[in-house]
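*Asks:* Got a sequence here, can you build the structure:
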Amino acid sequence: MKILRNIIISIIMIILILAFVVYINFYFMSNRYINHLVSQDSVEIQVALVESYVSTKMQKSLCITLTNNTDYLYFYGDSFLIYTRTIGGWRRMSFSENGGLFTLIAYSLPPDSYVVRVVDLDFHFKYLSEGEYIIIKQLFRYGESQDTLTVIGGFEIVR
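*Replies:* Residues are numbered from 1 along each chain as shown. From the prediction side, this is the model:
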């Protein structure tokens, strides 16, 4: 029963993410300022760019902290979207041929807790140039209402 519920939640996540992509294109074309900490319904996301050397190559990763300051249980997956600021607004970044492959898994974020996740940017994207970016993740509240929550965190790549 628990596995079936997780599968259903994963399928709903995929459908909602696709619908969200259409919505986000309209929203970010008019929004010129993105904060580095975005809070909605007391669920927060903080993003830090981490650069480290692996062998002789510089590797870029994002350290993402999701904090749940509510009384509700949320679920989230591995999937995310990244947008870059352009002259005309925001443009969604395309994943590399290896990147963008996410397992249909649902992690839990219990009430009054936080989790730290790492996203390997070099795996998901061929090249991210200098500039301002945002990462978008969706969370789903467990319970009767099953609300969808979108959190957005900003980061900047400087050479």
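*Asks:* So for the nearest residue to residue 151 once chain neighbours are set aside, what pLDDT did the model give?
*Replies:* With C-beta to C-beta, 6 or more residues apart in numbering as the criterion, residue 151 has its nearest non-adjacent residue at 4.0 Å, and that residue is residue 45. Heads up, the C-betas are built off the backbone N, CA and C, glycines and all. Per-residue pLDDT puts residue 45 at 71.
*Asks:* Hmm, residue 152 and residue 45 touching each other?
*Replies:* Yes. Counting by C-beta atoms under 8 Å, residue 152 is a contact partner of residue 45 at 6.9 Å.
*Asks:* Distance-wise, check the residue nearest to residue 151 relative to residue 149.
*Replies:* 10 Å (C-beta to C-beta, to the nearest Å).
*Asks:* just residue 124 next, same as before
*Replies:* The gap separating residue 124 from residue 149 is 22 Å, by C-beta to C-beta.
*Asks:* now do residue 86
*Replies:* Here residue 86 is placed at a distance of 26 Å from residue 149 (C-beta to C-beta).
*Asks:* Those two - which one has more neighbours?
*Replies:* Taking other C-beta atoms under 10 Å, residue 86 and residue 149 do not tie; residue 149 has more neighbours (18 against 10).
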